[in-house]
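Q: quick one: sequence and predicted model below, then my questions.
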Amino acid sequence: MRPGATPTTGTYRKPVPLAPPARNHAWLIAGIALVLVALLPLTDHVLSPRLSFAAQMPQIFVYALLSLGLTVITGFTGLLHLGVIAFMAIGVYIYAIATCAVYPFQIGFWPGVVLATVGGAVATGEYASSSEVIRDALRDWTHKRSLRQQGVAELRAVWQEALADKTPGVAVDEVLGRLERKYQAIADAGDSAT
């Protein structure tokens with residue numbers, strides 16, 4: 001006799017699933033990891049100087065970028081193309097110069113990352129100058145902002161239309177009755193298939 005079967009009928013009836021399937025929490029985990037990485041520069045204010053991360057983080061990021069670049073480049077072909085490392089080195093040198101205490105124009109961690117990204121885009125030949133990179137980024141930002149404002153305006157119009165609509169809604173008991181009939185039909189179909 002199968003588990004769950006009754007001794008008199010010998011049939012097994014599957015339970016009706018009431019809860020939706022579990023959601024994938026990969027986005028939540030990635031978001032938490034991103035927040036933790038973003039908060040790493042602030043650990044210097046909390047931890048003692050001997051446990052400071054700030055001195056090690058640039059080198060850790062350089063090695064991480066290097067390993068990612070080498071993995072991507074050698075992953076499909078198995079061949080090593082060292083030309084990409086030159087552009088990575090340009091970004092690293094720009095970041096090092098921008099954040100080094102030796103130079104009088106020392107800037108922080110995030111402005112250094114932005115400056116290295118802009119410098120890398122110019123070095124690859126994708127843009128002619130850093131002002132072109134910034135202009136393109138601003139153009140893209142204003143385009144996305146106008147699309148977002150347009151979407152909000154459309155949503156407000158639909159909301160106002162729904163508020164102005166005076167037709168009666170559907171009763172809760174009717175909706176629950178439809179759902180019960182639907183899931184009972186699914187359960188009955190599952191029972192007849194087995």
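A: Yes, it's here.
Q: I'd like to know which elements the helix or strand containing Arg148 is packed against.
A: Per DSSP states H and E, Arg148 falls inside helix 130-164. Using 3 or more CB pairs under 8 Å, 6 or more residues apart in numbering; DSSP states H and E as the contact test, the elements touching helix 130-164 are helix 109-123. Heads up, the C-betas are built off the backbone N, CA and C, glycines and all.
Q: report the buried residues of the helix it packs on.
A: By 16 or more other CB atoms under 10 Å, the buried positions in helix 109-123 come out as 109, 112-113, 115-116, 118-123.
Q: what does it contact?
A: With contacts defined as CB atoms under 8 Å, 6 or more residues apart in numbering, helix 109-123 is touched by 41, 54, 57, 87-88, 90-92, 94-95, 98-99, 107, 127-130, 133-134.
Q: if any of the residues you listed are buried, give me the ChimeraX selection for them.
A: Here is the ChimeraX command that selects the buried residues among the contacts of helix 109-123 (16+ other CB under 10 Å):
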select :57,87,88,90,91,92,94,95,98,99,127,133
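Q: where exactly do the helices run in this structure?
A: Using DSSP state H, the helices of the chain run over 26-38, 43-46, 57-77, 83-99, 109-123, 130-164, 172-193.
Q: reformat these as TSV; add mean pLDDT.
A: TSV is the format used below for the helices of the chain (pLDDT from 0 to 100):
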stretch	mean pLDDT
helix 26-38	86
helix 43-46	76
helix 57-77	75
helix 83-99	82
helix 109-123	86
helix 130-164	91
helix 172-193	89
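Q: so Ile85 touches Leu68, yeah?
A: No. The pair formed by Ile85 and Leu68 falls short of the contact definition of CB atoms under 8 Å, at 11.9 Å.
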